[in-house]
Structure formats: C-alpha cells, structure tokens
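In: Could you work out the structure for the sequence below:
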Amino acid sequence: MAGKAKKKSRPVVSGLVVLGLVATSGYLTLELRKQEAPGVTEVKNVGVLNGGGGSGDGASKDKGGEKWSRLENPARSVLRDGSGRIQAVFTDGARTATLTGPARTFEEPASTSSKVSTTDWVRLMPEPWKKGAEKEKWFKEWYAEYANSKKDDLFAFAFQYVAGAPVKKDEQGIAYAGDANFGPLNTTGAEGGDLRLEQSDFYDYLGVPYPFRDGATGTPEAMRAKSLDCSGFIRMVFGYRARYPLMSSDTSGDGLPRTANGMARSKEGADVLPLAGITPKDRPSNIDQLQPGDLVFFKLDTRTKERLDHVGMVLGHDTEGHLIFVSSREEVNGPTIGDIGGVSRLDGNGYYAKTLRSAKRL
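Out: Numbering: from 1, shown residues only. The predicted structure follows:
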C-alpha cells in the first residue's frame, strides 16, 4: 500500500470503529488475494516496445541508416536502426526514455520464479520530450552519452533496494542503497490490519534531513531508518537517485508528489492509461500501451476512499510472457517483483491486475 503524507495530528476516533474498519478491510483484502488463480492468467508473448499502439506519420532518415518515426496513443518518437529494430522510444511530455542496450536479467528467487530478461534501459532525460527534439543540441549530447551505456539506469537503481541488495555508501559515508524495509512493524494495529506502518520516505531511508526546493525540510524518523513505502521507493529511484524534481508533499512545490494518489493525479509526465475512476469497472483494458519505466497505480484498500493507494514501476515481460512490475510492499517488507501478497503481474486476473487503475510516463 502507498505512503500517505505525514500528518502533524490525527482526529480522535472511537477505538471500536477503527478496529471494525481495519478488520473488515483486512478481511476483504485477504479474500481478494485468495481469489487469485494463476491458471486464468492470459499470457502474451508480445514485446512492450513492439511499435504498436498508433499510426506513424512517416519516417525521417538520419545518418547511419537510423530512422525516426512518430506514433500516437501516446504521442511519441521512435528511433530505429537500419534494420528496423527499435533503438529508443521518447514520449511527448515525458522525461523517461526507453533505450535498447546490453541484455540483462532481473530476478528475485527468494520471492518468485519470475525472471525478466530485457534489453530495455530506462533513463531520465534533462528535458521533457517534444516532437522534433531529436534535432536539439541537448538531446544529441544526452543520447551520445547514454546510447549503449552500461551506467546504472532506473531499473538498476530499483534493484539496489530488494532483499539481499548490498549496501552502497557515498563519499560522506551515507548508505544510499541496500536492502530496504517497507516500514516499522505496526504494533498497535488490530488483527487483519496493516502489518507495517506507511509514510517512510526516501530521507527516512537515508537517515539525513533533505531540503526541498520549496523551502521545506524532510526530517527522518529513527524508527523508519532503511525503510521505503511504495511511493517513498519511487521517489528514491526517480528523485533522489535519478534527480527528478520532488515535492515536499502532495501540494507544495513542483515535481513528483509524496503519495501514490498525488503522483497519479498530478500533471507530471504523460498519462499512458488515464485515470477513469477507482471502481473495478474502471480497470484499464489496454495495458499493451505500457512500456518499461511507466508508473502504475492501484486501488487496494477501501479505507482510502477515493484515493489510489499503491504505486509501482513497470519492469517488462518475464520469461513466461507476463508483464511484471516492481514496488515496495508490507507483506515482503520492501521492494519486490515477488508473489508474496499477490503476484507482480499486470496481465490476467490476479490481485494487482484487478486493482490497476492508471499509468503515467514521467
């Protein structure tokens, strides 16, 4: 479940009412997850970057036999080599770009048998893409640096926080990567309620204050050290590590908001699967438009009312053809592509596939 913004005070509510709501929500969540049937999942052996999803408006040649073309839904520019193979995809209004590079495999054997073998590398550009940007100086310099580069990308950053990931420290001795928790144990919750507390942001993991651009300062809590809730994990990967601008909350500053709901409803990036609503009938049907690096948003908990309450990042298709995402969850206590608490598939009729509501390309 997603990190909710930290609050200075909470209203006093009857203990019996709280226990009733928590127990009911916990029961419904458990029942929904029990209904998962791996056998009903539809497998599609279709690459995420297959060039589909729109009609081109012609192609322009570049040196070296490379060709640029335009596709729609969402509007994007595609670079292909002389043999027609996709080299990169750039989406209008988004700073994330998907480049083709050396093959690598992501796996988490302690939590799942899924393996994602991919040649997709997702990186953050210095400016949002727009039609014709391939002719601009900033892009030519950026692409020359990152085409076929093995420097850490968003996927590499994300997997530096899964179970067993080694600790990495900066020059000041601050541990900025390594096995992350979701949050501290919820020692006061009722049976069937949340196992772990939310609201652990990236600066809680780091254990150092973080000055935001709006003048606010994020102050870490000792009990949340080395912890990242779902939105805190995304903010760590995209913001602290890749340097995407970060808001101090859902309402102050500019950039990526604090919570999953704030991210989903913000004007940042391009809405790949626009949010239609939070009910089961609002589940998107066109997930083929997703590509690696997209943020996906879920409605898991009735207690959050109209708010979306979980966020993850699309990783790609696993070796069995299922579309996999990575997110931080309380059940496995940290970032995962695993099956604990629901398989990490966006296709089929599993727990997370059923609760998907929207997607954004930052």
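
In: only C-alpha atoms for contact and neighbour calcs from this point on.
Out: Noted.

In: What is the neighbour count of Pro274?
Out: Residues contacting Pro274 under the criterion other Cα atoms under 10 Å number 14.

In: Now do the same for it: its pLDDT.
Out: Per-residue confidence (pLDDT) for Pro274: 97.

In: ok, for it, nearest residue in space, not its chain neighbours?
Out: Ser358 (5.5 Å; Cα to Cα, 6 or more residues apart in numbering).

In: Return the backbone torsion pair for the spatially closest residue to His317 that is not a sequence neighbour.
Out: Once flanking residues are discounted, His317 sits nearest to Leu323: 4.3 Å by Cα to Cα, 6+ apart. Listed backbone geometry of Leu323 is phi -80, psi 120, with angles given as degrees, to the nearest 10.

In: thought Leu323 was touching Asp347?
Out: Yes: Leu323 is within contact range of Asp347, at 6.0 Å (criterion: Cα atoms under 8 Å).

In: quick revisit: other SSEs contacting the helix or strand where the residue nearest to Pro274 lies?
Out: Here Ser358, judged by DSSP states H and E, is contained in strand 356-361. When contacts are defined as 3 or more Cα pairs under 8 Å, 6 or more residues apart in numbering; DSSP states H and E, strand 356-361 sits against helix 260-265, strand 270-273, strand 295-298.

In: a markdown table for these, including distance to Val311?
Out: As requested, these are exported to a markdown table (distance: least, Cα to Cα, whole Å):
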| stretch | distance to Val311 |
| --- | --- |
| helix 260-265 | 5 |
| strand 270-273 | 14 |
| strand 295-298 | 5 |
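
In: who's in contact with the residue nearest to His317?
Out: Each residue near Leu323 by Cα atoms under 8 Å, 6 or more residues apart in numbering is listed here: Val314, Leu315, Gly316, His317, Arg345, Leu346, Asp347.

In: try it again with 6 Å
Out: Applying Cα atoms under 6 Å, 6 or more residues apart in numbering to Leu323 gives the contacts Gly316, His317, Arg345, Leu346.

In: Doesn't Lys281 belong to a strand?
Out: No: according to DSSP: H, G, I helix; E, B strand; the rest coil, the state of Lys281 is helix, so it is not within a strand.

In: number of nearby residues for it?
Out: Lys281 sits with 12 neighbouring residues when counted by other Cα under 10 Å.

In: before we move on, what about Gly338?
Out: Neighbours around Gly338, by other Cα under 10 Å: 24.

In: do the one 5 residues further on as well
Out: Other residues within reach of Val343, judged by other Cα under 10 Å, total 21.

In: returning to that earlier point: of the helices and strands packed on strand 356-361, which stretch is the most buried?
Out: strand 295-298 (a mean of 26; mean count of other Cα atoms under 10 Å).

In: Give the pairing partners of the helix or strand just after it; include direction for each.
Out: Using DSSP H and E, the helix or strand that follows strand 295-298 in sequence is strand 310-317. Sheet pairing here is set by DSSP bridges, and for strand 310-317 it gives strand 295-298 (antiparallel), strand 323-329 (antiparallel).

In: Now render the ones you listed as JSON lines, adding distance to Ala216 and mean pLDDT.
Out: Formatted as JSON lines, the strands paired with strand 310-317 follow (distance: least, Cα to Cα, whole Å; pLDDT from 0 to 100):
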{"stretch": "strand 295-298", "distance to Ala216": "26", "mean pLDDT": "98"}
{"stretch": "strand 323-329", "distance to Ala216": "25", "mean pLDDT": "97"}
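
In: Adding distance to Gln289, write those strands out as TSV.
Out: Shown next, in TSV, are those (distance: least, Cα to Cα, whole Å):
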stretch	distance to Gln289
strand 295-298	12
strand 323-329	12
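
In: where do the helices sit along the stretch 51-200 of the chain?
Out: With DSSP state H, counting those that start in this stretch as the criterion, the stretch 51-200 of the chain has helices at 137-146, 154-158.

In: for the ones you listed, which one ends up most surrounded?
Out: Among these, ranked by average contacts under mean count of other Cα under 10 Å, first place goes to helix 154-158 (a mean of 19).

In: pLDDT averaged over that one, what's the number?
Out: Helix 154-158 comes out at a mean pLDDT of 98.

In: Other residues contacting that helix?
Out: Contacting residues not belonging to helix 154-158 are listed as Val122, Val237 [Cα under 6 Å, 6+ apart].

In: Repeat that for stretch 108-128.
Out: Applying Cα under 6 Å, 6+ apart, the contact partners of stretch 108-128 are 93-107, 153-154, 293, 318-319, 338-339.

In: mind listing what the most centrally placed residue in the chain touches?
Out: Nearest to the geometric centre of the chain sits Met313, at 2.4 Å (Cα atoms, centre = their mean). Counting by Cα under 6 Å, 6+ apart, Met313 touches Gly293, Asp294, Leu295, Phe325, Val326.

In: at 7 Å what do you get?
Out: If a contact means Cα atoms under 7 Å, 6 or more residues apart in numbering, then Met313 has Gly293, Asp294, Leu295, Val296, Phe325, Val326, Ser327 as its contacts.

In: before we move on, what about Asp179?
Out: Shown in contact with Asp179 (Cα under 7 Å, 6+ apart): Tyr161, Val162, Ala163, Gly164, Ala165, Pro166.

In: go on, Arg213?
Out: Here Arg213 is in contact with Gly253 (criterion: Cα under 7 Å, 6+ apart).
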